[in-house]
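Visitor: my questions concern the predicted model and sequence given below.
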Amino acid sequence: MVKTYRSWAPWMAILPALLLFFVFKIYPALGTLFFSMTDFNGNIDHYSWVGLKNYKNALTINFDDLMNAIGISFTFAFFTTVIQNVLGVALAVLVNLKIRGKNAYRSILFMPNVLGVVIIGLVWTLIFDPYSGPMNQILSLFGTSSSMLGDSKLALPLVIFVQVWTSVGYAMVLYLAGLQGISQDIYEAASMDGAVGWKSFRHITLPLLQPIIGVNILLSIIGSLRVFDLIMILTNGGPDDSTMTLGMFVFKTIFDSNGTQGYASALGIIHFLVIAVVVVIVQTYMRRREEKLS
Amino acid sequence: MKLTAKLPYGLAHVILILFSLLMLLPILMIVNIALKTNTEFLNSPMAIAKSLNFDNFKEAWKQGDMVVNFKNSLIYTACSTVLTCVIAALAAYPISRKHVRGTGFLLGLIGITLFLPDGIVPLLFFMKYTELLNTYGGYILLSSGINMALMVFILVGFVKNIPMELDEAAALDGCGYFRYILTIIMPLLKPAITTVAMLKIINVWNDFINPYLYLTDKEKRPLTSGLYLFVGEFSTDWTILAAGIVIVVTPLVLVYLFLQKYIISGVSSGALKG
């Protein structure tokens, strides 16, 4: 093939995207690593290198807070991931049936994904409002009441509920794409052998969906370990730090006058490492399972 | 066979209707609250609004400074979306055709961005230092750049489907590299670019944390952060807040109703590849 363009032309075409990518993605990531070893606090003229002191402080003085946040993050991520994926598979199977209105169901179930955190957060804040919120009206019919998001025992489950409410449609759409990739012939062949209903789901659908389940679980874990904007709107980490996930903890520290932004950066790196470790563990586990199955 | 299949279908409908209600009811409740007067709401929050009362919308629009916010949201969303589509298409073509060295490395780099830390501290510093903080231009660049990698990645896959012969034919006709991408490739990528544009529109319109961090000036705020701060100021008046929510959500729901095909395909292609 003849080269038909000047050698610099392709680079010029990539350059704008590359520039934006480096400035807004790579630089912030590397910058966080750099600042995490300084006592930087917003003023570039006054900061000094402190080595690993920020990390040491996070793991000694603030160890309890950090562990509390990691624990809450894990609880949040675990329940969100499990519920979201179980429901996601179930709903995908249902809307994949040849039933009337399946497109309408799909659109409605996916809808919360286009609403955005502010809307979702405010809608549920309103509904869970302890004074005049509709939820408490329903509870009062049963003669009880609750301070909802203000109750430190109830806040985390409610936040998990809202997160699942938001993203279950997303999981469903991904699983649906997976289901549509499974050939109908396999089901027909299996039904000859008597595999219908639950049996065909258990022995055909689930195994063939395995790769997508893997991707979905990984996406849910990463997503739920990172999330903090929704929590910020719903509870802002409270009450009594009961919804203070690691992401929320890091974000709060950035604007906390007690610590430096350097320290917050160190927490950001710890957050990143926690996610990376979880991802590696889950992926190794899933790969082993897949090998066992095949 | 037919008879046994009937019952599960009925059950499927019941389950799907229940879940659909779970998704729709909260939104309908908010619309309902927005239509009530404050006393009506306090007396019976759940009852259906007696009459259509649009005063709350007027109040929300006025008190929340929504004209300014609405205009800002439109500017940010439109500019970031156009900029993202053009820049991503320009980059996707050479990467997909391997016209530059190291495309494998570039694609690998794109892959790891999913795991990278957010980097708020360095970015905040960068925006302040370059005086891009609280500027339209700065925010548009930031919101275009922040998930450029994903957008390029989605398009790269689609460029592969365009036949190479077309490239050679265009080159023989003396079509320049940039003009070729912009006038031939981009129109051919229309479905993929619509998908990217949809993702971007939803993304920018809904973004909360970035405007919260990089657009602190009241005059520069988009609808989302305007609405969030509005809550702090008028937290007692739920009916007005509900009206505000309805105002912010309506454009998105309309876009979703008409273009959901692209949105849903964008979500699955973006996630499954990324």
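Guide: All right, it came through fine.

Visitor: only C-alpha atoms from now on, for both contacts and neighbour counts.
Guide: Noted.

Visitor: quick check: residues of the stretch 101-250 of chain B near chain A?
Guide: B:113, B:115-123, B:125, B:141-142, B:144-149, B:168, B:171-172, B:176-178, B:202-203, B:206-209, B:224-225, B:227-228, B:238, B:242, B:245, B:248-249 (CA under 8 Å from any CA of the partner chain).

Visitor: any stretches of chain B with poor pLDDT?
Guide: B:1-7, B:45, B:114, B:233-236, B:268-274 (pLDDT under 70).

Visitor: can you mark which positions in the helix ranked longest in it are buried?
Guide: Ranked by residue count, the top helix of chain B under DSSP state H comes out as helix B:238-273. For helix B:238-273, a neighbour-count test (16 or more other CA atoms under 10 Å in any protein chain shown) marks B:238-249, B:252-253, B:256, B:260, B:262-272 as buried.

Visitor: same thing with stretch A:174-186?
Guide: A:174, A:175, A:176, A:177, A:178, A:179.

Visitor: could you do stretch B:126-141 as well?
Guide: B:126, B:127, B:132, B:133, B:134, B:136, B:138, B:139, B:140, B:141.

Visitor: using JSON lines, please lay out those residues together with secondary structure.
Guide: Conversion of the buried residues of stretch B:126-141 to JSON lines gives the following (DSSP: H, G, I helix; E, B strand; the rest coil):
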{"residue": "B:126", "secondary structure": "helix"}
{"residue": "B:127", "secondary structure": "helix"}
{"residue": "B:132", "secondary structure": "coil"}
{"residue": "B:133", "secondary structure": "coil"}
{"residue": "B:134", "secondary structure": "coil"}
{"residue": "B:136", "secondary structure": "helix"}
{"residue": "B:138", "secondary structure": "helix"}
{"residue": "B:139", "secondary structure": "helix"}
{"residue": "B:140", "secondary structure": "helix"}
{"residue": "B:141", "secondary structure": "helix"}
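
Visitor: and the helices in chain A?
Guide: A:8-21, A:27-35, A:53-59, A:63-95, A:102-110, A:117-127, A:134-141, A:155-180, A:184-192, A:198-200, A:206-226, A:229-234, A:246-254, A:261-293.

Visitor: so what does the second one touch, helix or strand wise?
Guide: Which is helix A:27-35. helix A:261-293, helix B:120-129 (3 or more CA pairs under 8 Å, 6 or more residues apart in numbering or on different chains; DSSP states H and E).

Visitor: got the angle for the last one vs helix A:261-293?
Guide: Yep, that's helix B:120-129 we're talking about. Per axes from the mean of the first three to the mean of the last three CA atoms, to 10 degrees, the angle that helix B:120-129 makes with helix A:261-293 is 130 degrees.

Visitor: what's the angle from helix B:120-129 to helix A:27-35?
Guide: Using the same axes, to 10 degrees: helix B:120-129 against helix A:27-35 is 110 degrees.

Visitor: so which residues make contact with helix B:120-129?
Guide: By CA atoms under 8 Å, 6 or more residues apart in numbering or on different chains, the residues outside helix B:120-129 that reach it are A:24, A:27-28, A:31-32, A:35, A:42, A:254, A:261, A:265, B:133, B:138, B:213-214.

Visitor: rerun at 7 Å
Guide: A:28, A:31, A:32, A:42, A:261, A:265, B:133 (CA atoms under 7 Å, 6 or more residues apart in numbering or on different chains).
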